[in-house]
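[1] Whatever this is, show me its structure:
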Amino acid sequence: MKEARSEFHAGRHYVRDERELGPLCAGAVFPLLVQEAVTGEEFAAEFLSGPGSTVAWPVASLGRLDERCAPGRRVRVAPAAPPAGARRELEAVVRDLERAFAPRGPWQMDFAVTDAGRLRVIELNGRFGGVSNMSWACTGLDPHAAHARAVLGRHPGPAPAAHRVALELPVPGEAVPPPPPPGTELLLFPGSPANPGPRVGGFHRCVLGVPPGREEAARDWLAALPPGTLPGPWQEAAARLARGTAALRITPGGW
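    Got it, this is the predicted structure:
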């Protein structure tokens, strides 16, 4: 259940039965959206549409769905390769949305792929979402810069290709990761008083850009991180890195 005013760190509730439903409804301040909870993996994709064309950034994996309903606290990675059947369903959904609504400007989709391989749309937003930093780090094309150019009348160009893995790490509190290994890049998004968004929920999300051939160095760097740098074990981050590396080999040309 989602409150009408919610963010990726709050306002989402996993409800198992009527005993949990009652107190939630009694204390709700905002209207509630009800969705079926599924078991599977969560993904996101960002788009920029103009007359007759849509630019898509590579799909990002937000990790396994869980009862915390907090994708911003998971290690996330782009690119990601959903199963072939779910990808065909995603492409069909995007075509239907373009045909039915002719979107203009940025938009974003969160979706799940169930363990049975089926696509479930979670939400659609008429804006770029929380994976823009990964989209930028993965392709070199900042979605917000592309949108600004489109507003000024310049076509954003072809779909941006993934040329490295973007591994987003939720770092608690004031912890700062050490310098990245040679050949990789660590992008920090600490936020500011005017833009506190990157630090909501007690985490800031840095992005490690890992080009082909630097996976082992990145894995060794993750293993050597000081305790407390990540909210979970470093092996989880290493597994996400391997997920992105495998996707990069088969989807270098975009989403």
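[2] residues touching the nearest residue to Arg164 once chain neighbours are set aside, list them.
    Excluding its sequence neighbours, the residue lying closest to Arg164 (C-beta to C-beta, 6 or more residues apart in numbering) is Pro211, at 4.1 Å. In this view, the C-beta of every residue, glycine as well, is placed from N, C-alpha and C. Pro211 is in contact with His163, Arg164, Val165, Gly183, Thr184, counting by C-beta atoms under 8 Å, 6 or more residues apart in numbering.
[3] Give me the subset of these lying in helices.
    Per DSSP state H, helices hold no members of these.
[4] which of the residues you listed are buried?
    Buried subset of the contacts of Pro211 (neighbour count, 16 or more other C-beta atoms under 10 Å): Arg164, Val165, Thr184.
[5] CA atoms of stretch 19-38 as CSV?
    Provided in CSV are the C-alpha atoms of stretch 19-38 (Å, rounded to 0.1, in the frame of the first residue of the first chain):
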residue,chain,number,x,y,z
ARG,A,19,-4.8,-7.3,11.3
GLU,A,20,-2.1,-5.1,9.7
LEU,A,21,-4.5,-3.3,7.4
GLY,A,22,-6.7,-1.9,10.2
PRO,A,23,-4.1,0.2,12.0
LEU,A,24,-2.6,1.5,8.7
CYS,A,25,-6.0,2.7,7.4
ALA,A,26,-6.9,4.2,10.8
GLY,A,27,-3.7,6.3,10.9
ALA,A,28,-3.5,7.2,7.2
VAL,A,29,-3.4,11.0,6.5
PHE,A,30,-3.3,10.7,2.7
PRO,A,31,-5.3,8.5,0.3
LEU,A,32,-3.9,5.0,-0.1
LEU,A,33,-3.1,3.1,-3.4
VAL,A,34,-3.4,-0.7,-3.1
GLN,A,35,-1.3,-3.0,-5.2
GLU,A,36,-0.9,-6.7,-5.2
ALA,A,37,2.5,-7.7,-3.7
VAL,A,38,4.5,-10.1,-6.0
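[6] Would you mind giving the domain segments of the protein?
    The chain resolves into domains spanning 1-34, 35-250 when parsed by automatic domain parsing.
[7] weakest of these by average pLDDT?
    Comparing mean pLDDT across those, the lowest value falls on domain 1-34: a mean of 79.
[8] shouldn't Val131 be in contact with Phe43?
    No - look at Val131 against Phe43 with C-beta atoms under 8 Å: they stay out of range, at 9.3 Å.
[9] what is in contact with those two at once?
    By C-beta under 8 Å, 6+ apart, Val131 and Phe43 have these common neighbours: Ala60, Leu62.
[10] neighbour-wise, which of the two wins?
    Using other C-beta atoms under 10 Å, the more surrounded residue of Val131 and Phe43 is Val131, with 30 against 26.
[11] Pop out the phi and psi values for the more buried one.
    Main-chain dihedrals, Val131, degrees, to the nearest 10: phi -110, psi 10.
[12] contacting residues around it?
    Counting by C-beta under 8 Å, 6+ apart, Val131 touches Ala44, Glu46, Ala60, Leu62, Arg76, Ala78, Gln108, Glu168.
[13] Just to be sure, the fourth one is in a helix?
    No - counting by DSSP: H, G, I helix; E, B strand; the rest coil, Leu62 is located in no helix; its state is strand.
[14] hmm, back to that, pick the most buried one from the domains of the chain.
    Of all the domains of the chain, domain 35-250 has the most neighbours on average by mean count of other C-beta atoms under 10 Å, namely a mean of 17.
[15] Against Leu186, how distant is Gly40?
    To Leu186, Gly40 is 30 Å away according to C-beta to C-beta, to the nearest Å.
[16] List the contacts of the nearest residue to Pro51 once chain neighbours are set aside.
    Nearest non-adjacent residue to Pro51, counting by C-beta to C-beta, 6+ apart: Arg104, 7.8 Å away. If you count contacts by C-beta under 8 Å, 6+ apart, Arg104 has them with Ser49, Gly50, Pro51.
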